[in-house]
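Participant: Need a 3D model of the following:
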Amino acid sequence: MPSFDITSEANIVNIRNAVDVSMRMINNRYDFKGTTAKIDFLEKEMVINLFGDAEFQLNQIKDILFPAMEKKEPDSSKRITSNSIETVSGNKSKQLLTIKSGIDIDLAKEIVKTIKDSKIKTQASIQGDAVRISGGKRDTLQECITLVKSKHQDFPLSFGNFRD
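Facilitator: Here you go, the predicted structure:
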């Protein structure tokens, strides 16, 4: 019985490269000279820390970071959750950006519900941070992929691990 998995993994190397490119751009820009504008990427926690003198400067840093991330890994800005902006040590600002990797249980349930409501002859099961779809024919699986791509565009999904 053919099957495939729906997953969503963040590419750490591409995110690290995008942060490095953004940091170089910040260091070279004239309007950031003499400020505390900085980006830190904590790989183990999957968190990007933005530091700046004001909220306006944090927004400028994001305007540099997000296109660099999109260039390295398409749809990577969709997997970022922005926390609230904090004021630290006087007038300095800090913001945490959390990177989601894997499919959370709520999205997995939505995907399974979408597939079951469509009446396509496939079975969907949640397996950790992935959703496995199995069916009788390749054509039904391709139909299922098209359906999921059209309904769930708010989070980057990848379709792989096809088995015949």
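Participant: List of residues touching stretch 19-29?
Facilitator: Here stretch 19-29 makes contact (CB atoms under 8 Å, 6 or more residues apart in numbering) with F32, A37, K38, I39, F41, I48, I61, I64, L65, A68, K72. Where C-beta positions appear, they are placed from N, C-alpha and C, glycine not excepted.
Participant: what's the average pLDDT for it?
Facilitator: The average of the pLDDT scores along stretch 19-29 is 92.
Participant: Offset the numbering so it begins at 887, please.
Facilitator: Taking 887 as the first residue, the last one we looked at is stretch 905-915.
Participant: distance between it and the chain's centre?
Facilitator: Centre-to-centre, stretch 905-915 and its host chain are 21 Å apart (CA atoms, centre = their mean, to the nearest Å).
Participant: isn't K1007 right next to G1022, touching?
Facilitator: Yes: between K1007 and G1022 a contact is recorded at 6.3 Å, counting by CB atoms under 8 Å.
Participant: Who does the biggest strand by length in the chain pair with, and is each partner parallel or antiparallel?
Facilitator: In the chain, assigned by DSSP state E, the strand with the most residues is strand 978-985. Strand 978-985 sits in its sheet next to strand 933-938 (antiparallel), strand 966-968 (antiparallel), strand 972-974 (antiparallel), going by DSSP bridges.
Participant: need the contact list for D939.
Facilitator: Counting by CB under 8 Å, 6+ apart, D939 touches T921, T922, A923, N977, K978, S979.
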